[in-house]
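> Fold the following.
(chains A, B and C)
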Amino acid sequence: MPANHLITFTTDFGLTEHYVGAMKGVIYGINPAVQIVDICNSVHSYDLLDGALTIAQAYSYFPAGTLHLVVVDPGVGSSRRPILVSTGKHIFVAPDNGVLSLVFEREPGARAIHITSEHYFLHPVSNTFHGRDIFAAVAGYLSKGVEPDKFGETITDFVRFAAPKPKPVNEHLLKGFVIKVDKFGNLITNITAADLPQLSVATLPPFKILIAKSEITKLKNAYAHGAPGEVFAVWGSMGFLEIATNRGSAQAAVGADKGSEVGVAFEGSAGAGA
Amino acid sequence: MPANHLITFTTDFGLTEHYVGAMKGVIYGINPAVQIVDICNSVHSYDLLDGALTIAQAYSYFPAGTLHLVVVDPGVGSSRRPILVSTGKHIFVAPDNGVLSLVFEREPGARAIHITSEHYFLHPVSNTFHGRDIFAAVAGYLSKGVEPDKFGETITDFVRFAAPKPKPVNEHLLKGFVIKVDKFGNLITNITAADLPQLSVATLPPFKILIAKSEITKLKNAYAHGAPGEVFAVWGSMGFLEIATNRGSAQAAVGADKGSEVGVAFEGSAGAGA
Amino acid sequence: MPANHLITFTTDFGLTEHYVGAMKGVIYGINPAVQIVDICNSVHSYDLLDGALTIAQAYSYFPAGTLHLVVVDPGVGSSRRPILVSTGKHIFVAPDNGVLSLVFEREPGARAIHITSEHYFLHPVSNTFHGRDIFAAVAGYLSKGVEPDKFGETITDFVRFAAPKPKPVNEHLLKGFVIKVDKFGNLITNITAADLPQLSVATLPPFKILIAKSEITKLKNAYAHGAPGEVFAVWGSMGFLEIATNRGSAQAAVGADKGSEVGVAFEGSAGAGA
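Numbers count the residues shown, from 1 in each chain, chains lettered A, B, ... in the order given. The predicted structure is shown next:
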């Protein structure tokens, strides 16, 4: 893979301090010809699933050769390893804590390397900011064309977790939860079309979505199809079922939040009633 | 117009999810040589006037050939059209919902094209994220030098709204409202110098600005000219009358907000008293 | 120094308006070949110390020739001067109000120039947005290779303040304060290892850190070394003593905030008890 000029950032460092700026400084200090693109630096603090979702939803749109820095790193300074993951098309640099789990899920051929070559680090290495001292520095050298193999040995025991799947309670009831509330107040569940084939067809059976104290019985094709004040479901751009309202916040309308349980009930179940 | 490497972003997608990052990925995926600049991705959700003000205050500073992506798109997935607008110097890509109204106001010679050439879209096109699947993809191809005419036919019936103007109640009283509260807490009204020539001269007549329960009687040349705690008016950098306070938040001091009514009263009116 | 293509932004203009975008437009309008990198645009409004800390923590990582725009400018429109500061390696453009104090502290050989060459400004110059009309424009021309001396005369009476240092109350008690609360809720004090040599050695004496109503008796090497719920101290990446908690917010746990007093007491003092 040729050296590439694009590096993306997905971190929980936020935008209110110098953290992200210092990391970018380290990269430009090593390779002034690079181009840095923020995917999101407002991942929920310490939240590996939120980080995993964020990078998984964005990386594949970038061109071959893009380097992706993914730093959600509550274990900084402990024995958790820094890793580099190559899919052949993209390279990821991250702590080995599962934040790349959804990348591994989509990229079965990905190869992971335990980063151990400390001469690519910024010295002295702090115990509290490996984003700057290790991950940014390694990304800088990778962008200059240093081969992945120069950074350490291949490992296969990297940390990964399974994305939380909704659970069928019985043939009439599926239970998931809200994995994300976006800036618009859309409640994004962990339910995909594969989990819910009954709602992925042209003619829908009667159904009820139960969330907080609300009961939702409509699935729309677009946010704009909802009547004013109406709360409804929609298959969103992340591939998940979303609870939404037209030009408003479903979060506020429904009173649910990240983590709230979501039930989808069909006729015959107690939940869907008669 | 030659292909240009600069693309600006003005959206309401926020910075807390992957939305803006995925759009940038689509653009770099089509044209890795482009340079993307954020004007603002924190436009108030669904707020077309806020989006219109934001792009109108910034685009003209960019060099000829810049592409401006303006995506505040509550009607995504409905029949609202995607458009491309060329002024000869700048190109805008946006939903046809009025978000470019203030650009049209400043650029009477602008030409609009209804974007219909679907082979420039990202397929499958979602119903909920045209920012990614249509607008970013079109911007990517435009930046590579595809001619605007290749994207569709010229239209003249594009949507535009008039910027809300303050209203003279009588010769002594003008009523406007707060169109924006900025990060500093400055209350930015919709009143321009043209609306209020009495306050655009060297020697000011007595006046009162009435907002919430406050009565403001001073116009200063700069924020720093206010005494501690004093609330005053100033002609701001957006060309509008602002209510401000030195090193503090006028919003907090006055208790007003976006949408609050603002009256400017001169002697002879009941409002200005004796 | 050769013309450089990198310009960093450290401002209190925020991300919710067009302010930063308009400044970038001015720069690209003058020099479309430049690359702009945000260090932080969310400096606390009007807060010169916060701005000074932010730029001081990031600039040195950037390569030689980088231009740093630092605009925290409560005195905009008053008689405060615009300045340009060259260290030989980096150039800073800022208001002369002390926001570069910590840069001057680290760069004793820095040379300051009072910017007076108005033909490099954007005209008409507003009284409320010199970030756009003066600082961005000057940065644009500097990036094109205009020599610093072309912008005005060298001055030596530039404004600078001393970073606030912790104060020893007696040989057993040191008092500092919280200078910053970061996105994670870490409470960053103004106490450095040089101020507190007793806690910068391998074998620590008994100590108590007193903040709000909490008493902290543990110093850890990394955030991850804390037990769940435990609040402890750590030497952070900024070089300051921080109060932290593992995967949580010390700010919330302790009930302290920016400005809160922090005492470090050793045996023999009343504060450290028996």
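> check contacts around residue A:36.
By Cβ atoms under 8 Å, 6 or more residues apart in numbering or on different chains, residue A:36 lies in contact with A:7-9, A:24, A:27-28, C:37. C-beta: built from backbone N, CA, C; applies to glycine.
> How about the contacts made by the closest residue to chain C within the stretch 1-150 of chain A?
Closest residue of the stretch 1-150 of chain A to chain C, Cβ to the nearest Cβ: residue A:77 (2.5 Å). Residue A:77 makes contacts with A:127-128, A:130, C:221-225, as judged by Cβ under 8 Å, 6+ apart.
> Find me whatever residue is spatially closest to it, sequence neighbours aside.
Once flanking residues are discounted, residue A:77 sits nearest to residue C:222: 2.5 Å by Cβ to Cβ, 6 or more residues apart in numbering or on different chains.
> Quick check on the residue of the stretch 1-150 of chain A closest to chain C: phi, psi?
The phi and psi values for residue A:77, taken as degrees, to the nearest 10, are phi 90, psi -10.
> try the one 10 residues further on
Dihedral angles phi and psi of residue A:87 (degrees, to the nearest 10) take the values phi -100, psi 0.
> Could you list the low-pLDDT ranges of the stretch 51-200 of chain A?
Filtered on pLDDT under 70, the stretch 51-200 of chain A yields no residues whatsoever.
> so how many other residues sit close to residue A:206?
Neighbour count of residue A:206, defined by other Cβ atoms under 10 Å in any protein chain shown: 10.
> Check the one 10 residues further on too.
Around residue A:216 there are 20 other residues, counting by other Cβ under 10 Å.
> ok, it - contacts?
Contacts of residue A:216 by Cβ under 8 Å, 6+ apart are A:208-210, A:231-233, A:243.
> my guess is the residue nearest to residue A:77 meets residue A:128, correct?
Yes: counting by Cβ atoms under 8 Å, residue C:222 does reach residue A:128; the two are 6.3 Å apart.
> partners of residue A:231 in the sheet?
Beta bridges link residue A:231 to residue A:245, judged by DSSP bridges.
> For the stretch 51-200 of chain A, list the residues in contact with chain C, please.
A:74-78, A:80, A:126-129, A:132-133 (Cβ under 8 Å from any Cβ of the partner chain).
> out of those, who has the most neighbours?
Going by other Cβ under 10 Å, residue A:132 tops these with 28 neighbours.
> Secondary structure class of the residue of the stretch 151-274 of chain A found nearest chain C, three-state.
Closest contact between the stretch 151-274 of chain A and chain C, by Cβ to the nearest Cβ, is at residue A:183 (12.1 Å). Classification of residue A:183 by DSSP: H, G, I helix; E, B strand; the rest coil places it in coil.
> out of everything not next to it in sequence, what's closest to it?
residue B:14 (3.1 Å).
> now residue A:166
Spatial nearest neighbour of residue A:166, excluding adjacent residues (Cβ to Cβ, 6+ apart): residue A:176 at 3.3 Å.
> Likewise for residue A:246?
residue A:226 (3.6 Å).
> so what's that neighbour up against?
So residue A:226 contacts A:218, A:220, A:232, A:244-246 (Cβ under 8 Å, 6+ apart).
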